[in-house]
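# kindly generate the corresponding structure for this input.
(one chain, ligands or ions: 1)
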Amino acid sequence: MTPALRRLPQLLSAPAIARSATPSRATAQSAILIRAQRLSTSRPTESSFRPTSEGGEISEIIFAVGQPKHVPNRLSKLSAWSITSSRTGITRHFTFPTFNAAWRFMSKVADECKAKRHHPSWSNLYNEVSVEWTTHKPLGLSIKDIEMAEFCDRTADEVGLKEQKAQAVNQGDK
Ligand SMILES: C[C@H](O)[C@H](O)[C@H]1CNC2=NC(N)=NC(=O)C2=N1
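Here you go, the predicted structure:
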């Protein structure tokens, strides 16, 4: 299980949002950067994507140009998602009870991808699904990525994730 420290709210908590004025690189043009302190040195066991940086380094998420103002706030609520090494996307690893459940999840997400014309980079191994959201044009994290990540969270809840026993005990859940 991935330590809670690696999750987005922690990554986004300390620092303020800085508006970048670095027009030199096309990919970074007018991007909004969030400075974030990485608090843990351990690597996520649940993610097939490399962390942004090793422990103690500053990491920043790069938003696509022209995003609504509420995007950083929406992002901060995606507590189970982590920033990818490219800093232009977010990733989450899902563990379902069965392959069947994992496939149902992917099928529902695939239907939404068709409707929204936005597609993930993802992988599946038996009951495990890794999902990464980023936007290629304009490059960076966009509102579409946020919406699709929220859709993934809702769909995973509907389908039902595998029970995490230790977590349930610690949090006093059933
Ligand atoms: C024309 C079409 O909407 C675009 O090519 C879409 C398709 N799906 C996409 N998916 C993702 N994740 N990022 C994109 O920039 C993107 N572009």
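# do you know the pLDDT at the residue of the chain found nearest the ligand?
Nearest residue of the chain to the ligand: residue 136, at 3.6 Å (C-beta to the nearest ligand atom). The way it works is simple: take the backbone N, C-alpha and C, and place the C-beta from them, glycine included. As predicted, residue 136 sits at a pLDDT of 97.
# and if you look at residue 110?
On pLDDT, residue 110 comes in at 98.
# also residue 41?
29.
# what residues does the chain put near the ligand?
Counting by C-beta under 6 Å from any ligand atom, the chain comes close to the ligand at 117, 118, 119, 134, 135, 136, 137.
# what about residue 150, neighbour count?
Neighbour count for residue 150, taken as other C-beta atoms under 10 Å: 14.
# show the contacting residues for it.
Contacts for residue 150 (C-beta atoms under 8 Å, 6 or more residues apart in numbering) come out as 74, 78.
# wait, residue 83 sits on residue 92?
No. Here residue 83 does not reach residue 92: they are 11.1 Å apart, not a contact under C-beta atoms under 8 Å.
# so what's the residue count around residue 147?
15.
# SS state for residue 101?
helix (DSSP: H, G, I helix; E, B strand; the rest coil).
# what's the closest non-adjacent residue to it?
What sits nearest to residue 101 in space, not counting adjacent residues and going by C-beta to C-beta, 6 or more residues apart in numbering, is residue 159, at 5.2 Å.
# where's the one you found relative to residue 74, distance?
Here the criterion is C-beta to C-beta, to the nearest Å. By it, residue 159 lies 22 Å from residue 74.
# just the strands in this structure please.
With DSSP state E, the ranges of strands along the chain come out as 17-19, 32-37, 58-62, 82-83, 89-95, 121-125, 128-136, 139-140.
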